[in-house]
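>>> My questions are about this predicted structure, shown below with the sequence.
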Amino acid sequence: MSPSLSRLILLSCLAFATPAPIWAAPATPPYRAPASAGDGWAVADAARQGWKLERFGALEAAIARGDFPGVTSVLVAQDGHLLYERYFNGGGPDVLNDTRSATKSVTALLVGAAIDRGLIPDARARVHDYFRDLAPWQHDGPRKQAITVEDLLTMSSAWDCDDENPFSSGNEERMYVSENWTRFTLDLPLRGYAPWVKRPEDSPHGRTFSYCTAGSFLLGAVLERATGKPLAAFAAEALERPLGISQVQWNRSSEGVGMGGGGTRYRSRDLAKLGQLVAAGGIWNGKRVISADWIRQALTVHAQAREDADYGYQFWRFRFTRDGREQPAWTMSGNGGNYVFIVPEKKLVAVITRTSFNQRDVHPQSQRMFGDYVLTAMP
């Protein structure tokens with residue numbers, strides 16, 4: 001066969017060949033304002049409020065591409081109106097999302113509710129006073145006796161408890177396999193200070209931060225003893241029913257104490273209600289649920305958690321940029337990339353639920369979703 005004929009046959013084959021498909025992200029549905037569901041949420045059209053819908057579209061495209069794996073819902077509310085609501089990857093309005101450590105912020109709100117009712121005197125109440133029937137404790141002494149509710153709320157107690165240090169006596173994984181989580185926490189040894197660790201007196205805000213789920217769990221145990229009720233029952237009475245939250249799942253420890261440190265399951269709209277309550281200074285739909293003073297204290301920086309993050313009463317404070325200016329946001333945050341972002345001065349609440357548990361980089365991803373898409377979509 002001549003070279004000319006071979007080239008002719010090859011060109012003919014190429015002409016009739018089916019082109020390789022080019023991958024494209026699935027098309028996302030056009031924006032629709034959230035529907036009124038009779039659950040207490042007022043709804044609004046984001047377009048009429050001046051929001052940039054193309055940023056929401058860009059976020060949906062990024063989720064479809066797999067840039068943010070495991071996202072199950074994104075909700076945005078402003079001025080008390082729900083204006084954006086989308087579900088992905090098996091998420092839905094009635095799905096109970098495992099919020100993991102976002103529960104800690106709920107526990108802080110319940111501490112405020114107990115103080116509002118006079119059941120706990122104030123945040124300076126001494127923790128071990130609520131467990132005198134369990135004395136003596138290991139490693140007892142003045143430092144242990146001085147640990148307060150506020151120390152637990154701010155992750156700055158004197159216990160050797162650090163979930164980010166696998167060698168720490170109070171690491172949460174050790175607690176989970178213990179028979180009695182309450183006893184485990186009360187018996188924790190006191191922390192020391194290596195030369196490279198700042199002591200409280202040398203730390204910003206006078207507190208040395210270490211992330212301690214056992215402390216948040218014990219806050220739930222304090223609440224049960226102070227109120228005389230299971231944690232789930234007090235939460236329903238003081239917080240959930242006033243917000244119209246009817247579907248929720250609380251976990252319990254091995255000895256039966258409510259788990260104030262993580263794992264409570266809420267629907268996405270109900271998570272947004274919790275955020276809205278905080279953004280509005282303790283008010284939901286015109287009714288006072290938590291005192292304004294407690295919300296103010298909870299959203300006050302009490303400790304520096306990291307170089308890029310501060311900590312209030314079980315609420316994180318992260319710094320974002322909007323229009324070239326720093327924009328801080330308070331958050332409820334949990335493993336898997338679960339977040340409730342709260343910007344009180346903008347009357348803004350955003351919920352991101354995810355199921356990417358125990359995976360690297362999911363927290364920066366969720367923060368990027370908020371900073372790069374939600375904040376840039378604002379009017």
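The structure has been received and is ready for your questions.
>>> wait, what's in contact with the residue most central in space within the chain?
In the chain, the residue lying closest to the centroid (Cα atoms, centre = their mean) is residue 333, at 2.2 Å. If a contact means Cβ atoms under 8 Å, 6 or more residues apart in numbering, then residue 333 has 101-102, 316, 339, 363 as its contacts. Backbone N, C-alpha and C define where each C-beta goes, glycine included.
>>> again with residue 153
Listed by Cβ under 8 Å, 6+ apart, the contact partners of residue 153 are 108, 111, 123, 219, 298, 302, 313-314.
>>> Try it again at 6 Å.
Going by Cβ atoms under 6 Å, 6 or more residues apart in numbering, residue 153 touches 108, 313-314.
>>> Kindly report the same for residue 28.
Applying Cβ under 6 Å, 6+ apart, the residues near residue 28 are residue 60.
>>> can we see that at 7 Å?
By Cβ atoms under 7 Å, 6 or more residues apart in numbering, the residues touching residue 28 are 57, 60-61, 64.
>>> Rebuild those as JSON lines, extending it with distance to residue 308, secondary structure and pLDDT.
Below are these laid out as JSON lines (distance: Cβ to Cβ, whole Å; DSSP: H, G, I helix; E, B strand; the rest coil; pLDDT from 0 to 100):
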{"residue": "57", "distance to residue 308": "29", "secondary structure": "helix", "pLDDT": "97"}
{"residue": "60", "distance to residue 308": "27", "secondary structure": "helix", "pLDDT": "98"}
{"residue": "61", "distance to residue 308": "27", "secondary structure": "helix", "pLDDT": "98"}
{"residue": "64", "distance to residue 308": "29", "secondary structure": "helix", "pLDDT": "97"}
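>>> Between which two of the contacts of residue 333 is the distance greatest?
102 and 363 (11.9 Å; Cβ to Cβ).
>>> between the two, which one's more packed in?
residue 102 (29 against 21; other Cβ atoms under 10 Å).
>>> wait, is the more buried one part of a helix?
Yes. Residue 102 forms part of a helix when assessed by DSSP: H, G, I helix; E, B strand; the rest coil.
>>> about what we covered before: next one: the residue nearest to the centre of the chain, what pLDDT does it get?
At residue 333, the model reports a pLDDT of 98.
>>> Wait, a strand at it?
Yes. With three-state DSSP as the criterion, residue 333 is assigned to a strand.
>>> mind checking how far it is from residue 351?
12 Å (Cβ to Cβ, to the nearest Å).
>>> Of the contacts of residue 153, which is the nearest to residue 188?
For these, the nearest to residue 188 is residue 314 (18.8 Å; Cβ to Cβ).
>>> just checking, the closest one touches residue 106?
No. The criterion here is Cβ atoms under 7 Å, and residue 314 misses it with residue 106 at 8.4 Å.
>>> partners of residue 342 in the sheet?
residue 330, residue 349 (DSSP bridges).
>>> so it makes contact with residue 279?
Yes. Counting by Cβ under 7 Å, residue 342 touches residue 279, with 5.1 Å between them.
>>> residues shared between the contacts of the two?
Listed as contacting both residue 342 and residue 279 by Cβ under 7 Å, 6+ apart are residue 349.
>>> Enumerate every residue touching residue 96.
247, 249, 265-267.
>>> now those residues: which count as buried?
265-267 (16 or more other Cβ atoms under 10 Å).
>>> Need these in a markdown table (columns: secondary structure and distance to residue 231).
Formatted as a markdown table, these follow (DSSP: H, G, I helix; E, B strand; the rest coil; distance: Cβ to Cβ, whole Å):
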| residue | secondary structure | distance to residue 231 |
| --- | --- | --- |
| 265 | strand | 14 |
| 266 | strand | 15 |
| 267 | coil | 19 |
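>>> Spit out the contact partners of residue 227.
Neighbour list for residue 227: 114, 119, 234 [criterion: Cβ under 7 Å, 6+ apart].
>>> let me redo that: residue 371
The contact partners of residue 371, taken as Cβ under 7 Å, 6+ apart, are residue 320.
>>> So it belongs to a helix, correct?
Yes. Residue 371 sits within a helix when classified using three-state DSSP.
>>> so how far is residue 356 from it?
For residue 371, the distance to residue 356 - Cβ to Cβ - is 18 Å.
>>> Equivalent analysis for residue 183, please.
33 Å.
>>> My read is that residue 330 contacts residue 300, right?
No. Residue 330 lies out of contact with residue 300 (Cβ under 7 Å); the separation is 10.2 Å.
>>> What is the nearest of the contacts of residue 333 to residue 138?
Nearest member of the contacts of residue 333 to residue 138, counting by Cβ to Cβ, is residue 101, at 26.4 Å.
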